[in-house]
Structure formats: structure tokens, C-alpha cells
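**Student:** After the sequence you'll find the predicted model.
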Amino acid sequence: MNPLLHAFFVHFPIALGFLVPLLILWTMVQFKRNEATANTLWVTVVLPLTMMTVFTVLGIMVGDLAHEALEKYMDEKPIKTHEEFAEIFAMLLYITTGLSFFVFLFKAKRRFQFMVIVLALSVVTLGLGMATGKTGGDVVHEHDAPHFMLQAIKDGVLEKLGKHSHEEAEEETKENSEDTGNVETKTPAP
């Protein structure tokens, strides 16, 4: 996946994060009026939470690639801070989303209490999402990540992403043996 998609993916969870608490409040109001209607409306809570989760997973995947591309070009401290916030945000979002699926397992009174818990978690999740967005904005605007990403693209780093494995290990072994003057010999398998 292309690390340049990170900005595309990460804005959806933040935008939906503002919407979810409002949808939960609306569902809770409807629950007090007509429980059957509220049960149907709860789907409008579960769907955006699920979409937030999907976009968060995608955002983290491409964010890791972006970090890998930028690690040789800029200070890693702001990126690490952003990643730490993202991990906490993601974990709380996964919990909130998971709990939202279980609302219907409870009887009416408990169901409403569970909705309150999901509402509280969604508000905290929104706060963490905003903090994650702020730290990501710092990486972009204060630490000029787009400039460094352009340099990484010019240097061909994007084509090399994910190819650390076997080829690099062989090159290092070869370089180390040349540096020490030793020639690596392979013994045949019995």
C-alpha cells in the first residue's frame, strides 16, 4: 500500500468521531420515546464505528510505511509521539466498536446504561482522535514531513518499502565479510 494514502485514511475516523456521539445521543433520546425505533437506530451508531475502525487500521498500516520511508530523513521523535497517540486511540476505538455490537444483549434498562457507557467511550475516543490528529498535524506542518517524503520519493525509497528482508541481510553479510577480510564459505548440507 502506498504511504501517501495515510492522509486520506486518517481523516475519516476523526470526522466520524464527531458524528458518533451525536448519533448515540439521538438514539438514546429515541430509546426513551420508543424502544423499537431506538433498536433500529443503533445500527446508525454501529456502522460509523465500524467504518472508523476500518479506516484506522488502514491509516495505521500506511502510517507505518510512511514512518519507514521518513525515518532516514527526519527526526523520529514527533513521529513516535504520533504513533503512540494513534495506538492508544486505536485500542480505545476497537473496544468502543466491539462494545457497540453487544448493546442488544441486554434488557431495556441495562441496554440504556450500556448506551451511556458507549457514549462515554466514544467521547474519550474522539478526544484521543483529536490528539492523534494534532500530533500528526505537527509532523506534517511543524516538522515538514511532505518535504522529506518528496525527497524519499526522489531517492526511490517508496519502491524499496517492505523489502528489508533477505536481500538486505545478504548484502550486510557480504559487506561484513569483506570488511573483515574473511570470505564466507558455505558448507554443503549432508
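**Tutor:** Thanks, I have the structure now.
**Student:** The most centrally placed residue in the chain: helix or strand, and which one exactly?
**Tutor:** Centroid-nearest residue in the chain, with Cα atoms, centre = their mean: Ile60, separated by 3.2 Å. In this assignment (DSSP states H and E), Ile60 forms part of helix 43-70.
**Student:** And that helix, what's buried?
**Tutor:** By 16 or more other Cβ atoms under 10 Å, the buried positions in helix 43-70 come out as 45-46, 48-49, 52-53, 55-56, 58-60, 62-70. Using the backbone N, CA and C atoms, a C-beta is placed for each residue, glycine as well.
**Student:** What of stretch 68-79?
**Tutor:** Using 16+ other Cβ under 10 Å as the burial criterion, the residues of stretch 68-79 that qualify are 68-70, 73-74, 78-79.
**Student:** that older thread, after the helix holding Ile60, next one along is what?
**Tutor:** Beyond helix 43-70 toward the C-terminal end (DSSP H and E), the next one is helix 77-100.
**Student:** Packing partners of that following helix?
**Tutor:** helix 43-70, helix 108-137 (3 or more Cβ pairs under 8 Å, 6 or more residues apart in numbering; DSSP states H and E).
**Student:** average model confidence for the helix holding Ile60?
**Tutor:** When pLDDT is averaged over helix 43-70, the result is 95.
**Student:** That one to helix 77-100, inter-axis angle?
**Tutor:** Taking axes from the mean of the first three to the mean of the last three Cα atoms, to 10 degrees, one finds that helix 43-70 is oriented at 160 degrees with respect to helix 77-100.
**Student:** Give me the helices and strands touching helix 43-70, please.
**Tutor:** Counting contacts by 3+ Cβ pairs under 8 Å, 6+ apart, helix 43-70 packs against helix 6-33, helix 77-100, helix 145-154.
**Student:** Great, nothing more from me.
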